[in-house]
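Participant: Got a sequence here, can you build the structure:
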Amino acid sequence: MDDRTPAMELVHLLRAVTVEFDLLGAEFAARHGLHPTDVRALIHLLDDARSDTRATPGRLGEQLRLNSAGTTALVDRLERMGLVRRSRDTADRRRVLLEVEEKAVRLGRSFFGSVIDDVVAVSDAFEPGERETVRRFLTSVLEATRRARSS
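Facilitator: Coordinates of the predicted model:
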């Protein structure tokens with residue numbers, strides 16, 4: 001396949017953005033004594049909160065592809081650091097829910113805030129229809145990537 005086609009240019013740009021975000025996440029993890037998996041866990045938990053999805057250790061383990069022992073160790077570590085809180089589900093007392101503590105949100109915002117602000121500013125420069133096209137493209141890429149990962 002010709003690497004210079006417009007479609008392949010998008011693939012290469014998307015890969016470059018992914019690599020940069022990954023490097024930024026690794027730098028954040030290193031500065032704060034976290035493992036890269038800790039950062040991915042916090043992202044999943046924040047995404048769950050944003051979508052009003054009840055986050056449980058089992059769900060988090062599935063998202064991260066960790067076994068039960070690995071998930072427990074991860075949650076224990078994040079809880080000791082004051083970044084995550086466990087609580088009992090009021091609807092089902094047997095179920096444990098996970099919530100990101102405000103400390104983690106502040107820590108993330110202090111590190112990633114400027115790049116988030118820059119991305120928002122870039123997005124604001126686009127017309128609504130252009131943003132919708134970008135959203136559809138990224139959503140489709142995400143779905144394709146998830147399909148590849150699950151096969």
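Participant: Distance of Ala29 relative to Arg65?
Facilitator: 18 Å (CB to CB, to the nearest Å). Glycine gets a C-beta too; all of them are placed from N, C-alpha and C.
Participant: and Lys103, how many neighbours?
Facilitator: 13 (other CB atoms under 10 Å).
Participant: higher neighbour count, Ala29 and Arg65?
Facilitator: Between Ala29 and Arg65, counted using other CB under 10 Å, the more crowded position is Ala29 (17 against 10).
Participant: Which residues are in contact with that one?
Facilitator: 35-36, 38-39 (CB atoms under 8 Å, 6 or more residues apart in numbering).
Participant: And the buried ones among those, selectable in PyMOL?
Facilitator: Buried residues within the contacts of Ala29, by 16 or more other CB atoms under 10 Å, are selected in PyMOL with:
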select buried, resi 38+39
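Participant: And the pLDDT at the residue sitting nearest the centre point of the chain?
Facilitator: Central residue of the chain (CA atoms, centre = their mean): Ile43, 3.3 Å from the mean position. Listed pLDDT for Ile43 reads 96.
Participant: tell me which element it falls in.
Facilitator: Under the criterion of DSSP states H and E, Ile43 resides in helix 36-50.
Participant: for the protein, which spans come out with low pLDDT?
Facilitator: Applying pLDDT under 70 to the chain flags residues 1.
Participant: So in it, which helix runs the longest?
Facilitator: helix 6-31 (DSSP state H).
Participant: Tell me the buried residues in that one?
Facilitator: The neighbour-count check on helix 6-31 (16+ other CB under 10 Å) flags 25, 28-29 as buried.
Participant: likewise stretch 98-109?
Facilitator: Within stretch 98-109, the residues that count as buried by 16+ other CB under 10 Å are 98-101, 104, 107-108.
Participant: So which of those residues is the closest to Ala144?
Facilitator: The closest of those to Ala144 turns out to be Gly108 (CB to CB; 27.3 Å).
Participant: Contacts only, for the closest one.
Facilitator: 28, 42, 46 are the contacts of Gly108 under CB under 8 Å, 6+ apart.
Participant: where's it, which helix or strand?
Facilitator: Counting by DSSP H and E, Gly108 is part of helix 102-124.
Participant: tell me the angle of that helix relative to helix 6-31?
Facilitator: 150 degrees (axes from the mean of the first three to the mean of the last three CA atoms, to 10 degrees).
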